[in-house]
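S.K.: Here is a sequence together with a model predicted from it:
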Amino acid sequence: MGDLAHGRDGSLPGLLAGFDCQLPRWLTVRNIFLLLLLISLAVDLGFGFAYKFRLSPDQLDADELEYYKMAGQMMGGTLHLTARRTLGFPLLIASVRSISDNFLFLQAVICALFSFSAPLLFLVVRKVTRSTAAAGVSGLALALWPPVIFYGVSLYSEALALPVFLLALWALPVGSRAGSAVKGFHWRQAAAAGLLLAIATQVRPMYLIMTPFIAIIIAIEEADLRVAFRRLLVVAFAYVAVTLPWSIYMTERFHHPILITSNGGETLSGGLNPKLLEPWAERRKLVGGREVWVGPGKWLTPHQNGYLTRAELALPYDQQDALMRERTMDWVKANPGAAVQLESCKFLYMWGLYHISKNGPGQLVFGNLPTLALLAIALFGFIRVPEARTALARFWVLPFFVSAVALISWGSWRFRQPGDAGLVVFCSVCVLVYLAKRRVAHDVAERELALSA
């Protein structure tokens with residue numbers, strides 16, 4: 001452990017350098033990447049075949065089934081495009097099904113793509129910290145993190161969106177405050193980050209909400225305001241360049257401005273409605289036999305939330321969405337206390353703090369308790385490891401991003417995946433830095449004692 005004395009310069013890369021010195025020579029960046037991929041594939045595919053993969057599309061949850069049907073319509077040339085969904089993920093499903101329409105094959109391929117999340121996170125952490133050891137620990141932690149595995153091994157769009165988003169974080173240049181070893185503007189990297197974030201948004205529109213958080217990351221990491229502004233400008237330009245053609249097409253098709261999708265009314269109304277405050281349904285069974293509870297913090301469909309009449313449910317989707325948005329905001333203005341209660345429940349549910357007893361023993365053991373432990377370690381790290389506050393900004397910002405998604409929509413744990421990835425990194429690195437600092441302090445004390453003797 002004597003090599004940990006490399007951390008005397010006080011920088012986060014310096015504090016982590018000792019751990020890298022202890023790595024066996026065969027644990028190169030390439031080998032760790034491949035090893036993490038193999039571990040992820042084994043864990044994800046093993047969990048999928050043993051528990052999660054379904055035998056037929058009829059067993060899919062509602063969103064998964066909608067993606068699957070959209071892909072089938074694409075293949076048959078019968079897709080009726082609405083403003084509710086983007087086409088990124090259905091296009092991937094259609095591509096896989098064009099090779100083989102075996103349902104297990106489809107799930108296995110999507111699962112394998114999701115398995116790149118852990119090794120990609122490894123690359124992001126190594127770029128930021130310049131520590132192979134810290135990056136490897138972070139990647140391994142994500143590969144074994146139960147909530148991410150459960151919702152990633154699915155036909156939800158998160159299975160593709162998370163790897164693409166991690167590629168965007170990897171491309172984003174590291175700022176001078178975060179310890180960048182390479183000076184310069186790095187416009188190509190910034191452009192790649194904007195392009196990849198736009199692709200992630202086309203796969204899962206919630207990443208539109210990430211755009212202001214990218215600005216926050218750049219502002220925290222980069223000390224030179226001119227470089228930070230130019231970098232943000234390039235990211236924004238690349239993001240808009242990819243997004244604009246879709247926006248123009250959708251706007252012309254539906255005759256009103258649409259940036260990505262037009263489901264804001266449905267999203268807001270599902271999580272902000274008086275029906276959620278009624279004790280009419282504490283638990284109900286979903287397709288596939290999975291049992292969940294319904295109440296404050298959860299989400300109801302347009303057929304359940306009470307904002308539309310039966311006749312209005314037959315209107316075109318755009319008109320339904322506009323009505324739900326208007327009536328939701330009217331209800332919020334008339335019932336601010338109830339709205340605050342629902343928003344609080346969304347946030348608390350997302351982070352495992354609310355209605356723990358209703359989630360069942362499995363989710364309690366593999367979800368709530370690990371999440372609470374991770375939050376506690378993150379708080380400890382933020383207080384006791386000040387070096388991490390700037391150097392790891394792109395990771396600790398992510399829980400705030402997914403919390404914003406929860407407040408707009410609801411506290412679904414599958415929306416939490418990028419936030420979990422950020423927390424896993426922040427906690428892993430903070431623990432290693434804390435251990436390194438203690439070791440350095442111990443070595444210094446021993447030397448001083450030896451000199452005094």
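M.R.: Arrived safely. Residues are numbered from 1 along each chain as shown.
S.K.: Quick check: closest non-adjacent residue to residue 315.
M.R.: Leaving aside its sequence neighbours, residue 315 sits nearest to residue 323 (CB to CB, 6 or more residues apart in numbering; 7.7 Å). Every residue, glycine included, has its C-beta placed from N, CA and C.
S.K.: Can you get me a residue count around the one you found?
M.R.: Neighbour count of residue 323, defined by other CB atoms under 10 Å: 18.
S.K.: packing partners for the strand or helix carrying it?
M.R.: According to DSSP states H and E, residue 323 maps onto helix 317-334. Helix 317-334 sits against helix 264-271, with contacts defined as 3 or more CB pairs under 8 Å, 6 or more residues apart in numbering; DSSP states H and E.
S.K.: Only alpha carbons, please: show the helix it packs on as CSV.
M.R.: Only the C-alpha atoms of helix 264-271 are listed here, as CSV (Å, rounded to 0.1, in the frame of the first residue of the first chain):
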residue,chain,number,x,y,z
GLY,A,264,-46.5,16.5,-22.3
GLY,A,265,-50.1,16.5,-21.3
GLU,A,266,-50.3,12.8,-20.9
THR,A,267,-47.0,12.7,-18.9
LEU,A,268,-48.1,15.5,-16.5
SER,A,269,-51.6,14.2,-16.0
GLY,A,270,-50.6,10.7,-15.2
GLY,A,271,-48.7,11.7,-12.1
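S.K.: now that helix against helix 317-334, angle please.
M.R.: 50 degrees (axes from the mean of the first three to the mean of the last three CA atoms, to 10 degrees).
S.K.: In helix 264-271, which residues are buried?
M.R.: Neighbour counts over helix 264-271 (16 or more other CB atoms under 10 Å) mark 265-271 as buried.
S.K.: Give me the residues contacting it.
M.R.: By CB atoms under 8 Å, 6 or more residues apart in numbering, the surrounding residues in contact with helix 264-271 are 84, 297-302, 305, 307, 320-329, 342, 346, 408-410.
S.K.: how far does the helix holding residue 323 sit from the chain's center?
M.R.: 28 Å (CA atoms, centre = their mean, to the nearest Å).
S.K.: buried stuff in it?
M.R.: Buried, per 16+ other CB under 10 Å, within helix 317-334: 317-318, 320-321, 323-325, 327-328, 331-332.
S.K.: Give me every residue in contact with that helix, excluding its own residues.
M.R.: With CB under 8 Å, 6+ apart, helix 317-334 has contacts from 82-84, 254, 256, 262-266, 268-269, 272-274, 302, 305, 307-308, 312-313, 315, 339.
S.K.: pLDDT on that helix, on average?
M.R.: The average pLDDT within helix 317-334 is 94.
S.K.: go on, stretch 29-45?
M.R.: So the average pLDDT for stretch 29-45 ends up being 97.
S.K.: Then stretch 261-279?
M.R.: Mean predicted confidence for stretch 261-279 is 91.
S.K.: now do stretch 74-93
M.R.: Mean predicted lDDT for stretch 74-93 stands at 93.
S.K.: any idea how far residue 311 lies from residue 328?
M.R.: 19 Å (CB to CB, to the nearest Å).
S.K.: low-confidence ranges in the stretch 351-453 of the chain?
M.R.: Across the stretch 351-453 of the chain, the ranges flagged by pLDDT under 70 are 453.
S.K.: residue ranges of the helices in it, please?
M.R.: Ranges of helices within the stretch 351-453 of the chain are 360-363, 369-384, 387-391, 393-396, 398-408, 417-452, based on DSSP state H, counting those that start in this stretch.
S.K.: In this structure residue 346 contacts residue 412, no?
M.R.: No. Here residue 346 does not reach residue 412: they are 9.2 Å apart, not a contact under CB atoms under 8 Å.
S.K.: Residues that sit against both of these two, list them.
M.R.: residue 406.
S.K.: ok, the two, which is more surrounded?
M.R.: Between residue 346 and residue 412, counting by other CB under 10 Å, residue 346 is the more crowded of the two (26 against 20).
S.K.: Let me know the helix or strand that the more buried one is in.
M.R.: Residue 346 belongs to helix 336-350, assigned by DSSP H and E.
S.K.: Kindly report the same for residue 292.
M.R.: Residue 292 belongs to strand 291-293, assigned by DSSP H and E.
S.K.: I'd like the average pLDDT over that strand.
M.R.: 74.
S.K.: so who does the residue nearest to residue 413 when sequence neighbours are not counted touch?
M.R.: Excluding its sequence neighbours, the residue lying closest to residue 413 (CB to CB, 6+ apart) is residue 147, at 5.4 Å. By CB under 8 Å, 6+ apart, the contact set of residue 147 is 366-367, 370-371, 413, 416-417, 420.
S.K.: And those residues, which of them are buried?
M.R.: By 16+ other CB under 10 Å, those give 367, 370-371, 413, 416-417, 420 as buried.
S.K.: Now the two most distant members of these.
M.R.: Between any two of the buried ones among the contacts of residue 147, the greatest separation by CB to CB is 14.3 Å, found for 370 and 417.
S.K.: nearest to residue 68, of the buried residues of helix 264-271?
M.R.: residue 266 (20.0 Å).
S.K.: Quick check: that closest one vs residue 414, distance?
M.R.: 17 Å.
S.K.: got it, and residue 292?
M.R.: For residue 292, the distance to residue 414 - CB to CB - is 12 Å.
S.K.: the more surrounded of those two?
M.R.: Taking other CB under 10 Å, residue 292 and residue 414 do not tie; residue 414 has more neighbours (19 against 13).
S.K.: pretty sure the more buried one contacts residue 159?
M.R.: No. The pair residue 414 / residue 159 is not scored as a contact, 9.6 Å apart, by CB under 8 Å.
S.K.: Could you point out which residue ranges in the stretch 101-250 of the chain have low pLDDT?
M.R.: 181-182.
S.K.: Walking through it, point out its helices one by one.
M.R.: Going by DSSP H, counting those that start in this stretch, the stretch 101-250 of the chain shows helices at 103-114, 117-129, 132-143, 146-152, 158-171, 187-203, 211-221, 225-254.
S.K.: Relative to the whole chain's centre, how far out is stretch 388-401?
M.R.: So, by CA atoms, centre = their mean, the centroid of stretch 388-401 is 13 Å from its chain's centroid.
S.K.: Sorry, wrong one. I was asking about stretch 135-147.
M.R.: The answer for stretch 135-147 is 14 Å, by CA atoms, centre = their mean.
S.K.: Export it to PDB, keeping only CA atoms.
M.R.: C-alpha atoms of stretch 135-147 as PDB (Å, rounded to 0.1, in the frame of the first residue of the first chain):
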ATOM      1  CA  ALA A 135     -13.000   3.000 -13.500                       C
ATOM      2  CA  GLY A 136     -12.900  -0.800 -13.200                       C
ATOM      3  CA  VAL A 137     -14.500  -0.700  -9.800                       C
ATOM      4  CA  SER A 138     -17.200   1.600 -11.000                       C
ATOM      5  CA  GLY A 139     -17.900  -0.500 -14.100                       C
ATOM      6  CA  LEU A 140     -18.100  -3.700 -12.100                       C
ATOM      7  CA  ALA A 141     -20.500  -2.100  -9.600                       C
ATOM      8  CA  LEU A 142     -22.800  -1.000 -12.400                       C
ATOM      9  CA  ALA A 143     -22.700  -4.500 -13.900                       C
ATOM     10  CA  LEU A 144     -23.900  -6.000 -10.600                       C
ATOM     11  CA  TRP A 145     -26.300  -3.200  -9.600                       C
ATOM     12  CA  PRO A 146     -29.700  -5.000  -9.200                       C
ATOM     13  CA  PRO A 147     -32.100  -2.100 -10.200                       C
END
